[in-house]
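In: Build me a model:
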Amino acid sequence: MMFRSANTASNVSFKAAVCMTIAMAFFATMGIFIRLSSETLHTLEIVFFRNALALVFFFPFIAKNGLAVLNSKRKKLYGARALINVTGMAAGFAALTMIPLAEATALSFTAPLFATFAAAIIFGEIIRIRRIIALMLGFLGMLFILQPGVNEISTGSILAIINAVTIAITVLIVKKLTNTERPEIIVIYMALFQTPLALIPAMFFWKWPDLMTWVWLIALATAGTLGHLFYTKAIQLAEVSQMQPIEFIRLPIVAGLAFFLFGEIPTFWTWVGGAIIFSATAYVTHRESKLSKTS
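Out: Numbers count the residues shown, from 1 in each chain. The predicted structure follows:
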């Protein structure tokens, strides 16, 4: 019986790891599709189409379950999340068109570090010494990538960091929402609120996509939606702290794709900084998981 239980747990962990790996592969390709779409469209248009096309994916779900499934008393929180997320998405998408994709990916790993700081400021969570050291190491990794004093910090790098900060804040909002809301409803409301918000600024730069750009946009929305579905499944099967190390696979996938498609070669310091940031993030996530179990 004990061996059967151990085998079952092992199978579940393996399935979770596979789901997380697939999710990271989908997320890695998003940067490629954003870069390709940006050859003919403004960033703000890409943000709009990313949300609008994602919303289309959920029409069958809404048709099957009816509009009543969208009833919620937390629409203000959804609205706040959408406004922050659209801002971050615009910054992140713009960054992907300005700096090497591997650098943007490495900087995105700082999001959980910013989330820890935000939780301390907003919710008064206590950050103890070991997590403080991990956070300091994480931001040291960011400095390795940016190399201020050696290189001028680019607009793209600043936008990538802004994106990481907004991700951190939206993660905290989603944590609040998951107390009462179903995961699929949270994702639907994200697209439902963000589509009109993204349309307003996009109209100032409007240009209809050509056929090839439509392909990239549909691929972008598909990769984003499937990535979120596989990610959600992974963290349903296993703890976030267990799955966190797999997220680093995004960096080599992005680096490989960027090299073959755009001839980009990540710097040595991008790898070093990315590894330091990710190690610090994994430790912070692990500590938060342990503390939540003992509290």
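
In: residue closest to the middle of this structure?
Out: The chain has I167 as the residue nearest its centroid, 6.7 Å off, counting by CA atoms, centre = their mean.

In: doesn't that one fall inside a helix?
Out: Yes: counting by DSSP: H, G, I helix; E, B strand; the rest coil, I167 falls inside a helix.

In: Show the contacting residues for the nearest residue to it once chain neighbours are set aside.
Out: Nearest residue to I167, sequence neighbours excluded (CB to CB, 6 or more residues apart in numbering): A111, at 4.1 Å. Heads up, the C-betas are built off the backbone N, CA and C, glycines and all. For A111, the contacting residues are 164-165, 167-168, 171, by CB atoms under 8 Å, 6 or more residues apart in numbering.

In: if I look at K76, how far off is V171?
Out: 18 Å (CB to CB, to the nearest Å).

In: same question but for F117, I mixed them up
Out: 12 Å.

In: Neighbour count: K76 and V171, which is higher?
Out: Ranked by neighbour count (other CB atoms under 10 Å), K76 and V171 place V171 first, with 16 against 8.

In: Which strand or helix spans the nearest residue to that one once chain neighbours are set aside?
Out: Ranked by CB to CB, 6+ apart and with sequence neighbours excluded, the top spatial neighbour of V171 is A115, at 5.1 Å. Taking DSSP states H and E as the criterion, A115 maps to helix 111-123.

In: Need the CA coordinates for stretch 27-41. PDB is fine.
Out: C-alpha atoms of stretch 27-41 as PDB (Å, rounded to 0.1, in the frame of the first residue of the first chain):
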ATOM      1  CA  PHE A  27       5.200  31.200 -22.800                       C
ATOM      2  CA  ALA A  28       8.700  31.200 -24.400                       C
ATOM      3  CA  THR A  29       7.200  31.300 -27.900                       C
ATOM      4  CA  MET A  30       5.000  34.300 -27.000                       C
ATOM      5  CA  GLY A  31       8.000  36.600 -27.200                       C
ATOM      6  CA  ILE A  32       8.800  35.300 -30.700                       C
ATOM      7  CA  PHE A  33       5.300  36.000 -31.900                       C
ATOM      8  CA  ILE A  34       5.300  39.500 -30.300                       C
ATOM      9  CA  ARG A  35       8.600  40.300 -32.000                       C
ATOM     10  CA  LEU A  36       7.300  39.100 -35.400                       C
ATOM     11  CA  SER A  37       3.900  40.900 -35.000                       C
ATOM     12  CA  SER A  38       5.800  44.100 -34.200                       C
ATOM     13  CA  GLU A  39       7.300  44.200 -37.700                       C
ATOM     14  CA  THR A  40       4.000  45.500 -39.000                       C
ATOM     15  CA  LEU A  41       1.900  46.500 -35.900                       C
END
